[in-house]
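Visitor: Provided below are the primary sequence and the corresponding predicted coordinates.
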Amino acid sequence: GAVVSQHPSRVICKSGTSVKIECRSLDFQATTMFWYRQFPKKSLMLMATSNEGSKATYEQGVEKDKFLINHASLTLSTLTVTSAHPEDSSFYICSAVEFGQINEKLFFGSGTQLSVL
Amino acid sequence: DAKTTQPPSMDCAEGRAANLPCNHSTISGNEYVYWYRQIHSQGPQYIIHGLKNNETNEMASLIITEDRKSSTLILPHATLRDTAVYYCIVIDTGTASKLTFGTGTRLQVTL
């Protein structure tokens, strides 16, 4: 089946630095990718919808200048957490929609655990 | 997307069937019922989906009521590795609309 690869799986950074997370669809083209964040023992919260070749659509309350999303190709979307602070520590997950089928499945990456010191 | 309601937690003995309910009373005609599960610190894993007919695959069975306002995910022989949070989501796949996750059901499989 289709696979979504997310990298890195874990990152620790100092406060004030920027962190880039990559999300790749390995064997299908994904015109749309979604980015979520998840706090411990909480559900996934949608941050933004990433569309190939256009600007991302951010959910209410998500700072677009802090969480930069780039979807430059049909197989790659990146999330950059700029000037990270400890409160940005969270589990970030991407997902991609495989089009071209009657019933699209949404595939998820394995997640990135971000810890900001 | 329609919202869903699930019990926050359930227990199941290993080897027994786990039946996880989900209410989606506001589901529309174009929306499918999807089930995912999330094991701790991993991304959600697709389990099964359906529109109105019951579905079965190697992982589970999905029973959707005739009025489509509720569904049940059945794990026929639960194992310890099935311990996870199970999410029921309704999606209009025609618009590839964003997924809204509810709180899910935390299934604990015990010996």
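Guide: Received the coordinates, thanks. From a predicted model like this one, the values you see are computed outputs, not experimental measurements.

Visitor: contacts, neighbours, all on C-alpha from now
Guide: Will do.

Visitor: Which positions in chain A make contact with chain B?
Guide: A:34, A:42-46, A:49, A:91, A:93, A:97, A:103-111 (Cα under 8 Å from any Cα of the partner chain).

Visitor: Mind jotting down where the helices sit in the chain?
Guide: Here I'm looking at chain A. Read by DSSP state H, chain A holds no helices at all.

Visitor: Lowest mean pLDDT among the helices and strands, pick that one out for it.
Guide: strand A:106-108 (a mean of 85; mean pLDDT, DSSP states H and E).

Visitor: Identify the residues contacting that strand?
Guide: Residues outside strand A:106-108 that contact it (Cα atoms under 8 Å, 6 or more residues apart in numbering or on different chains): A:2-4, A:93-98, B:43-46.

Visitor: redo that, cut-off 10 Å
Guide: With contact meaning Cα atoms under 10 Å, 6 or more residues apart in numbering or on different chains, strand A:106-108 is reached by A:1-6, A:23, A:25, A:30, A:32-35, A:93-99, B:34, B:36, B:42-46, B:91, B:93, B:96, B:98-99.

Visitor: Select only the buried ones of the residues you listed in ChimeraX?
Guide: Listed next is the ChimeraX selection for buried residues among the contacts of strand A:106-108, using 16 or more other Cα atoms under 10 Å in any protein chain shown:
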select /A:2,3,4,5,6,23,25,30,32,33,34,35,93,94,95,96,97,98,99 /B:34,36,42,43,44,45,46,91,93,96,98,99
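
Visitor: Which residue, other than its chain neighbours, is closest to the residue in chain A that chain B sits nearest to?
Guide: Nearest residue of chain A to chain B: residue A:110, at 4.3 Å (Cα to the nearest Cα). Spatial nearest neighbour of residue A:110, excluding adjacent residues (Cα to Cα, 6 or more residues apart in numbering or on different chains): residue B:43 at 4.3 Å.

Visitor: what pLDDT does the closest residue to residue A:111 other than its chain neighbours get?
Guide: Of all residues not flanking residue A:111 in the chain, residue A:93 sits nearest, at 4.4 Å (Cα to Cα, 6+ apart). At residue A:93, the pLDDT value in this model is 96.

Visitor: One more: residue A:2?
Guide: The confidence metric pLDDT takes the value 65 at residue A:2.

Visitor: what does residue A:32 give?
Guide: At residue A:32, pLDDT is 85.

Visitor: Which residues are in contact with the one residue in chain B that gets nearest to chain A?
Guide: Distance from chain A to each residue of chain B (Cα to the nearest Cα) is smallest for residue B:43, at 4.3 Å. If you count contacts by Cα under 10 Å, 6+ apart, residue B:43 has them with A:4, A:6, A:44, A:91-95, A:107-112, B:36-37.

Visitor: Pairing partners for the residue nearest to residue A:111 in the sheet, please.
Guide: residue A:36 (DSSP bridges).

Visitor: Tell me how far it lies from residue A:36.
Guide: Distance from residue A:93 to residue A:36, counting by Cα to Cα, to the nearest Å: 5 Å.

Visitor: Give me the common contacts of the two.
Guide: What both residue A:93 and residue A:36 touch, as defined by Cα under 10 Å, 6+ apart, is the set A:44-47, A:111.

Visitor: so where's the chain shaky on pLDDT?
Guide: Since no chain was named, I'll use chain A. Counting by pLDDT under 70, the ranges of chain A that qualify are A:1-2, A:99-105.

Visitor: Wait, chain B was what I had in mind.
Guide: Applying pLDDT under 70 to chain B flags residues B:1-2, B:93-98.

Visitor: who in it is up against chain A?
Guide: Residues of chain B lying close to chain A (Cα under 10 Å from any Cα of the partner chain) are B:32, B:34, B:36, B:38, B:40-46, B:48-51, B:85, B:87, B:91-94, B:96-104, B:106.

Visitor: Thanks a lot, catch you later.
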